[in-house]
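Student: Build me a structure from this.
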Amino acid sequence: ELSRSLGSMSEYVAEESSYRHWIGGAYLITETAAATPDLTFSLQSREDIALLCSNLGEGDAFQGPRGVTLRLAARGALSPPPEGEEAAGETVRGRLARLE
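Tutor: This next block holds a predicted model:
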């Protein structure tokens, strides 16, 4: 699984991840903790928006820290408009593109 995931990462993300360290090893997992469900961040510039848009995949997903796939959820200024208004079915990528 790690090898397959590593193969789908960009070169930069693969280098930053710890996957290579773990591949081929046998480990005893004694405890796990639930992942934080939400990661909040602010886009400070048009360059930030462009960089995020360029890294979005299908369904507004992108590879975050350590190769973890994250899915964007529109909140705040990117919240979808009320049903029936123009662009109600628009993706987060579409709303970001309008901000660029």
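
Student: Contacts made by stretch 53-69 with the rest, please.
Tutor: Defining contact as C-beta atoms under 8 Å, 6 or more residues apart in numbering, one finds that stretch 53-69 is touched by 5-6, 9-10, 13-14, 16-19, 39, 52, 70-72, 91-93, 96-97, 100. C-beta here means a position set from N, CA and C on the backbone, and glycine is covered the same way.

Student: Am I right that Phe62 falls within a strand?
Tutor: Yes: the assignment for Phe62 (DSSP: H, G, I helix; E, B strand; the rest coil) places it in a strand.

Student: What does the pLDDT read for the closest residue to it other than its chain neighbours?
Tutor: For Phe62, ignoring the flanking residues on the chain, the nearest one in space by C-beta to C-beta, 6 or more residues apart in numbering is Asn55 at 4.7 Å. Model confidence at Asn55, expressed as pLDDT, equals 79.

Student: Quick one: neighbours of Asn55, just the number.
Tutor: 13 (other C-beta atoms under 10 Å).

Student: returning to what we had before: let's see which of the contacts of stretch 53-69 end up in strands.
Tutor: 70-71 (DSSP state E).

Student: Which members of the contacts of stretch 53-69 occur in helices, if any?
Tutor: Among those, the ones falling in helices (DSSP state H) are 5-6, 13-14, 16, 19, 52, 92-93, 96-97.

Student: And those, which of them are buried?
Tutor: The neighbour-count test (16 or more other C-beta atoms under 10 Å) marks 5-6, 13-14, 19, 52, 92, 96 as buried among the ones in helices among the contacts of stretch 53-69.

Student: Specify which member of the residues you listed is nearest to Ala34.
Tutor: Ranked by distance to Ala34 (C-beta to C-beta), those are led by Ser5 at 20.1 Å.
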